[in-house]
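Chemist: Show me how the following folds:
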Amino acid sequence: MESSPRTAGWFVRQIQHLYRIEANWREHHAGPRLRQAVRTSQSRPIVARIEHALVKLKTSGRPLPQSLLGGAIDYALGQWRTLEVYLEDGRVELDNNLVENAIRPHRHRKKNWLFIGDAEAGQRSAISYTVIESCRRRGLDPFAYLREVLTRLPNMTNRQIPEVTPEAWNKTQLPVQRLAS
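Modeler: Next up, the predicted model:
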């Protein structure tokens, strides 16, 4: 299809607009509330425009579902609800690049981990990495955090769990327990 490069280029430009918006508030050190407000006013219309274009392309029958662009459209629409989460919560990033970069040093070990555990081992590893990297991003010692939380957890109710997230725990800690910068 001759228009595929032009169509793909349009989508790339829309995504670039979203990243420029994110870069702007990051440069100004905006908090979650401001990020969400900016996303509502500036990013949401772009995301809606992208979704409308994807649906229109898919229902037009062109490109064919087996083509690269057709596959990309199906994938994007299948992930749409996940994408929209970032519009609703100013704490959520547009992409997972921070996590990808944080776990990259551990990738050399992945072949060693292929056969450890069972089918849920990957999910448990992802949860562990998320908790550890969340601590590191807040300047917390992951070992100190996990030691305290895992000690307290058996005596806690489900309603108390938000009190021990890395973000909440960070607010209650003395500077001594935080990682040295």
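
Chemist: which residues in the protein form helices?
Modeler: Using DSSP state H, the helices found in the chain span residues 4-27, 32-38, 44-60, 68-78, 80-88, 97-103, 110-113, 121-137, 142-152, 166-172.

Chemist: which residues make contact with the third one from outside it?
Modeler: Put plainly, it is helix 44-60. 7, 10-11, 14-15, 17-18, 21, 63, 69-70, 73-74, 76-77, 80, 83-84, 87 (C-beta atoms under 8 Å, 6 or more residues apart in numbering). C-betas here are computed from N, CA, C, even on glycine.

Chemist: Please apply the same query to the fifth one.
Modeler: In this structure, residues lying in contact with helix 80-88 by C-beta under 8 Å, 6+ apart are 36, 39-40, 43-44, 47, 51, 92-94.

Chemist: Distance check, the residue nearest to Arg35 when sequence neighbours are not counted against Leu68.
Modeler: Sequence neighbours aside, Gly90 is the residue nearest to Arg35 in space, at 3.6 Å (criterion: C-beta to C-beta, 6 or more residues apart in numbering). Here Gly90 is placed at a distance of 34 Å from Leu68 (C-beta to C-beta, to the nearest Å).

Chemist: More neighbours: which of these two?
Modeler: The neighbour count for Gly90 versus Leu68, taken as other C-beta atoms under 10 Å, is higher for Gly90 (18 against 11).

Chemist: Now the most centrally placed residue in the chain, what are its backbone angles?
Modeler: Centroid-nearest residue in the chain: Asn96, 4.0 Å away (criterion: C-alpha atoms, centre = their mean). Phi and psi for Asn96, reported as degrees, to the nearest 10, are phi -110, psi 30.

Chemist: Look at it and report its pLDDT.
Modeler: At Asn96, the model reports a pLDDT of 78.

Chemist: For Val85, see how far away it is.
Modeler: Applying C-beta to C-beta to Asn96 and Val85 gives a distance of 12 Å.

Chemist: quick one: low-confidence ranges for this protein?
Modeler: Under the criterion pLDDT under 70, the flagged ranges of the chain are 1-3, 99, 103-119, 174-181.

Chemist: can I see the domain layout of it?
Modeler: According to automatic domain parsing, the chain comprises the domains 4-92, 99-177.

Chemist: If anything else comes up later, I'll come back, but that's it for now.
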